[in-house]
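Chemist: Compute the structure for the input listed below.
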Amino acid sequence: MKSIVVFHHFLFLLLLSHLISVSSWKKEEFRNCNQTPFCKRARSRKPQHCKLIATDVTIDDGDLTAKLITPHEFQDENSTNPLILSLSVYQNGILRMKIDEDPSHNPPKKRFQVPDVILPEFESKKLWLQRYTKDGDSFIVYLFDGYEAVVTSDPLEVFVREQSSGKRVLSFNSHGLFDLEQLRVKKEGDEWEERFRSHTDSRPFGPQSISFDVSFHGADFVYGIPEHATSLALKPTNGPGVEQSEPYRLFNLDVFEYLHESPFGLYGSIPFMLSHGKSHGTSGFFWLNAAEMQIDVLGSGWDAESSILLPSDEKRIDTLWMSEAGIVDAFFFIGPKPKDVVKQYASVTGTSAMPQLFATGYHQCRWNYRDEEDVKNVDSKFDEHDIPYDVLWLDIEHADGKRYFTWDRVLFPNPEGMQKDLASRGRRMVTIVDPHIKRDDNYHIHKEASKNGYYVKDASGKDYDGWCWPGSSSYIDMVNPEIRSWWADKFAYTEYVGSTPSLYIWNDMNEPSVFNGPEVTMPRDALHYGNIEHRELHNAYGYYFHMATSEGLLKREGGTDRPFVLSRAFFPGTQRYGTVWTGDNIAEWEHLRVSVPMILTLGLTGITFSGADVGGFFGNPDTELLVRWYQVAAYLPFFRGHAHHDTKRREPWLFGERNTELMRDAIRIRYTFLPYFYTLFREANVTGIPVARPLWMEFPHDEATFNNDEAFMVGNGLLVQGVYTQRAKDVTVYLPKDHTWYDLKSGKAYKGGKTQKMEVTDADIPVFQRSGTIIPRKDRFRRSTVQMENDPYTLVIAVDSSGAAEGELYIDDGKSYEFKQGAYIHRRFIFSNGKLTSVNLAPSSSHATRFLSDCTIERIILLGYSSAKPKSARIEPSNHAADIELGPLQIRSGVRSSALTIRKPNVGVSDDWTIQLL
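Modeler: Numbering: from 1, shown residues only. Alright, predicted model coming up:
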């Protein structure tokens with residue numbers, strides 16, 4: 001009995017220390033570069049460090065291959081075996097470069113290559129090389145549309161350049177910083193262990209890090225490599241004038257109350273960087289590697305003491321990439337347009353999964369809604385205050401002793417009935433399922449995992465035992481496909497007792513978080529399936545967990561229902577399996593401000609369905625901050641309010657009538673624009689182009705947009721400018737040039753190419769529609785997306801200087817995969833010469849599954865139409881007339897502006913028709 005008491009006392013102290021620690025970010029708990037030996041070594045190397053040369057260059061199996069060796073004059077007792085380099089060319093301007101140890105020299109183990117990230121169909125896009133051209137020490141292969149790839153043998157360098165001008169786009173090892181520490185067998189006297197605080201990493205294969213330089217030519221700025229709470233354009237981290245700065249770290253960690261404007265790594269890692277500049281356009285570099293990574297953006301003049309001569313008449317940004325393990329498996333994306341690069345990246349790692357329609361609405365979450373009565377009360381209050389929402393969430397306290405797939409039957413005695421009650425009003429529920437499994441012999445998940453050997457092992461080969469919310473916990477080894485399949489089966493209704501078809505899942509703590517582990521995570525020498533060390537795959541652990549959970553929901557419904565799974569950790573490919581959010585932010589104005597570039601960066605690097613906790617997870621936002629957060633978040637892809645259990649309740653009706661009205665308006669605006677958002681999610685699903693976009697993606701030649709991350713585009717049609725300061729009376733907005741911009745509150749037109757000073761009230765943030773676009777809306781207020789299904793549409797036409805505009809509308813059943821068989825409506829609306837035409841973009845094959853809708857268009861709003869005021873409109877082929885009059889621009893409280901409106905044309909959204917102004 002005494003041992004049990006001591007055990008529980010220790011558990012209480014450990015969990016208490018974790019809860020206390022979340023009150024502030026503790027810098028000393030996490031390593032910096034100087035405390036990370038591979039990073040410190042790589043940063044200490046000088047240009048021209050690399051002495052390797054390329055020999056035995058040949059074409060083999062459609063690739064350009066070479067051996068990388070150290071010349072005799074540079075060899076010493078530390079010289080290593082040759083490395084193997086291969087270059088592969090793929091369709092649409094993608095170059096893949098791999099560098100690994102030569103297997104013929106029998107290294108102690110095979111270096112880890114990340115599986116299940118690259119799309120299987122990507123290999124079918126390989127262009128099999130037949131020959132190369134030799135020019136001195138250079139070996140040249142054709143890449144794509146006026147671009148070629150070059151390998152120089154001495155000194156070693158790989159770069160992509162324009163054929164006609166010779167101008168470089170991307171280059172590898174131009175500064176000679178490449179280094180690959182080869183695996184070795186430990187000898188007597190070798191001291192490979194690394195220590196950090198109280199933890200020791202055995203490092204049984206010794207140092208195995210990789211580092212190299214990559215240069216982005218013609219670049220004004222670089223972006224990407226999430227996740228960091230920083231500006232959109234990445235700032236220099238090393239070089240003249242940059243003092244005591246850390247590299248951008250990519251190492252998935254459970255970080256509480258993270259700092260804004262910090263290069264410190266957060267919950268997810270995507271080692272994909274994009275550059276953009278006026279001279280070349282856009283290019284990208286992606287390194288598929290799941291080990292810890294550190295990346296320096298090198299400031300101008302960092303190499304001033306180097307004798308390396310690169311063209312001085314070009315803008316160029318140099319970067320240093322450093323990783324603890326793995327191989328070089330890198331992709332060069334040549335662009336040259338912003339959307340080209342994101343499409344090229346998506347062709348490698350996949351596009352975003354098409355979400356269910358409900359998931360694009362508003363989500364209400366808290367740690368924790370206490371019981372079924374609390375759930376019922378919150379749900380009813382949304383209806384009482386006429387606030388739409390679609391999903392109510394339950395955090396860890398809903399489960400029995402934090403045993404996932406169970407319910408606390410005292411607090412939630414009838415979970416099926418609770419979910420069915422929500423579903424009766426078109427709403428869903430989400431529960432949390434984390435990767436740490438309570439070590440309890442009476443818990444069926446633990447018993448099965450332990451019996452079958454499904455846990456990650458420690459360095460000695462025993463089941464790894466760490467500490468998380470349930471106390472003593474072990475972690476499912478999701479790298480093994482067999483174990484992922486077993487996990488997926490746990491979401492069956494017979495296994496997850498109390499679940500229903502309207503229940504979806506949230507994966508938290510999947511970095512993985514280990515309260516008593518080094519840096520609050522798993523030891524690097526823990527062992528996974530295939531004897532893979534945790535250090536080699538750490539950043540992908542949460543990805544495999546997310547994948548298995550998504551597969552579970554897919555299995556649950558026999559493959560007919562699109563899963564919804566939110567994950568905190570992420571990696572390249574995550575976009576194929578669900579949604580992410582930016583983690584444990586704080587109720588501060590700066591966290592509202594930084595949420596925008598964080599979400600834009602995720603979109604640039606493939607994960608468009610992302611958002612931030614509205615109001616901040618930690619702390620109590622003042623009412624003005626909370627309102628402003630709702631107003632910005634309503635235009636971002638994932639829209640969820642969430643808060644820590646120590647915060648005051650903050651449902652939208654708790655702040656007085658006026659503030660309830662403001663938050664209701666913000667949420668209603670989101671629902672008004674859901675047809676537009678859903679159309680954009682389909683575009684992301686097909687192309688990889690994100691829903692929320694930095695301005696420069698839409699205006700790549702407008703230099704004033706390159707470094708702007710306070711405003712953003714929703715699709716190509718809406719520009720949103722947040723308000724990020726307290727008691728603001730006005731805000732400055734840059735409107736990109738060569739367009740007219742229409743204020744969506746007043747309808748007033750503003751000329752682009754200027755920074756406007758806009759007055760703001762508490763009721764709105766500035767939002768503009770770009771000239772030349774047509775945006776679909778639904779203007780009737782409902783309680784959820786299900787109740788909007790049969791509502792009519794509004795089209796808002798903002799004409800350009802020639803009186804023309806275009807837009808699209810995508811509709812499907814909002815839940816199944818039948819859209820993959822052609823069961824959808826996809827229309828293009830074209831307005832020109834006073835005529836609006838609806839054109840079908842969906843497949844017309846009689847073999848396609850059809851999706852039908854009886855919805856009509858009830859209003860068409862015209863902005864900027866300057867011809868003689870039309871009196872009516874003629875609709876064909878029905879040959880009937882519709883009235884044209886001034887009507888409301890928005891149906892909202894306090895908005896009185898009006899615009900030219902075609903009333904009740906009553907044309908079907910799925911039909912071909914024309915409307916001619918008369």
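
Chemist: lowest average confidence, helix or strand, in the protein?
Modeler: Across the helices and strands of the chain, the lowest-confidence element by mean pLDDT, DSSP states H and E is helix 2-21, at a mean of 43.

Chemist: so what secondary structure elements neighbour whichever helix or strand comes after that helix?
Modeler: Where DSSP states H and E defines the elements, the next helix or strand beyond helix 2-21 is helix 37-44. Helices and strands touching helix 37-44, by 3 or more Cβ pairs under 8 Å, 6 or more residues apart in numbering; DSSP states H and E, are strand 210-217, strand 293-298, strand 316-323. Every C-beta, even on glycine, is put in place using the N, C-alpha and C of the backbone.

Chemist: Put the alpha carbons of the first one into PDB.
Modeler: Extracted C-alpha coordinates of strand 210-217, given in PDB (Å, rounded to 0.1, in the frame of the first residue of the first chain):
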ATOM      1  CA  ILE A 210      24.300  16.100 -42.800                       C
ATOM      2  CA  SER A 211      24.700  19.800 -43.700                       C
ATOM      3  CA  PHE A 212      24.900  21.800 -46.900                       C
ATOM      4  CA  ASP A 213      24.200  25.200 -48.400                       C
ATOM      5  CA  VAL A 214      21.400  26.000 -50.800                       C
ATOM      6  CA  SER A 215      21.300  29.300 -52.700                       C
ATOM      7  CA  PHE A 216      18.100  30.900 -54.100                       C
ATOM      8  CA  HIS A 217      19.100  33.100 -57.000                       C
END
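
Chemist: Mean confidence (pLDDT) on it, please.
Modeler: Mean pLDDT, computed over strand 210-217, is 98.

Chemist: gap between the helix or strand just after it and the chain center?
Modeler: Counting by DSSP H and E, the next helix or strand C-terminal to strand 210-217 is strand 221-224. Per Cα atoms, centre = their mean, to the nearest Å, the displacement of strand 221-224 from the mean C-alpha position of its chain is 15 Å.

Chemist: what pairs with the next helix or strand after strand 221-224, and is each one parallel or antiparallel?
Modeler: Counting by DSSP H and E, the next helix or strand C-terminal to strand 221-224 is strand 248-250. Sheet pairing for strand 248-250, assigned by DSSP bridges, gives strand 293-298 (antiparallel).

Chemist: what is the mean pLDDT for the partner strand?
Modeler: 98.

Chemist: quick one, that strand and strand 316-323 angle?
Modeler: 160 degrees (axes from the mean of the first three to the mean of the last three Cα atoms, to 10 degrees).

Chemist: Tell me, please, where in the chain the pLDDT is lower than the cut-off.
Modeler: Low-confidence segments of the chain, defined by pLDDT under 70: 1-25, 77-79, 244, 305-313, 845-848, 893-894.

Chemist: Can you tell me the centre-most residue of it?
Modeler: I607 (2.7 Å; Cα atoms, centre = their mean).

Chemist: Tell me the secondary structure at the residue nearest to it when sequence neighbours are not counted.
Modeler: Excluding the flanking residues, the one nearest I607 by Cβ to Cβ, 6 or more residues apart in numbering is Q575, at 4.8 Å. Using DSSP: H, G, I helix; E, B strand; the rest coil, the structure places Q575 in helix.

Chemist: okay, now Q575: neighbour count?
Modeler: 28 (other Cβ atoms under 10 Å).

Chemist: From G715, how far off is it?
Modeler: 17 Å (Cβ to Cβ, to the nearest Å).

Chemist: Could you do M354 as well?
Modeler: Taking Cβ to Cβ, one finds M354 at 16 Å from G715.

Chemist: try G573
Modeler: 24 Å.

Chemist: Which parts of the stretch 301-450 of the chain are strands?
Modeler: For the stretch 301-450 of the chain, the strands defined by DSSP state E, counting those that start in this stretch occupy 316-323, 328-333, 362-364, 391-394, 428-432, 436-438.

Chemist: for the first one, packing partners?
Modeler: What that stands for is strand 316-323. helix 37-44, strand 210-217, strand 221-224, strand 293-298.

Chemist: and what of the fifth one?
Modeler: Here strand 428-432 touches strand 391-394, helix 415-423, strand 503-507, going by 3+ Cβ pairs under 8 Å, 6+ apart.

Chemist: how about the CA coordinates for the longest one, as CSV?
Modeler: These are the backbone C-alpha positions of helix 415-423, laid out as CSV (Å, rounded to 0.1, in the frame of the first residue of the first chain):
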residue,chain,number,x,y,z
PRO,A,415,-22.7,9.5,-25.3
GLU,A,416,-24.7,8.1,-28.2
GLY,A,417,-27.8,10.0,-27.2
MET,A,418,-25.7,13.2,-26.7
GLN,A,419,-24.2,12.9,-30.2
LYS,A,420,-27.6,12.0,-31.8
ASP,A,421,-29.2,15.1,-30.2
LEU,A,422,-26.5,17.3,-31.7
ALA,A,423,-26.9,15.5,-35.1
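
Chemist: Go through it and flag the buried ones.
Modeler: By neighbour count on 16 or more other Cβ atoms under 10 Å, the buried set for helix 415-423 is P415, M418, Q419, D421, L422, A423.

Chemist: so can I have CSV of the helices and strands packed on strand 316-323 showing distance to A459?
Modeler: What follows is the helices and strands packed on strand 316-323, written out as CSV (distance: least, Cβ to Cβ, whole Å):
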stretch, distance to A459
helix 37-44, 18
strand 210-217, 23
strand 221-224, 34
strand 293-298, 23
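
Chemist: do you know which of the ones you listed lies nearest Q769?
Modeler: strand 221-224 (25.6 Å; Cβ to Cβ).

Chemist: which neighbours does the closest one have in its sheet, and in what orientation?
Modeler: Partners of strand 221-224 in the sheet, by DSSP bridges, are strand 272-277 (antiparallel).

Chemist: now the strands for the stretch 501-650 of the chain?
Modeler: With DSSP E, counting those that start in this stretch as the criterion, the stretch 501-650 of the chain has strands spanning 503-507, 527-528, 532-533, 565-567, 579-581, 610-611, 613-614, 639-641.

Chemist: Dump those strands into a markdown table; add mean neighbour count as well.
Modeler: Shown next, in a markdown table, are the strands of the stretch 501-650 of the chain (neighbours: other Cβ atoms under 10 Å):
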| stretch | mean neighbour count |
| --- | --- |
| strand 503-507 | 24 |
| strand 527-528 | 22 |
| strand 532-533 | 22 |
| strand 565-567 | 27 |
| strand 579-581 | 27 |
| strand 610-611 | 26 |
| strand 613-614 | 28 |
| strand 639-641 | 23 |
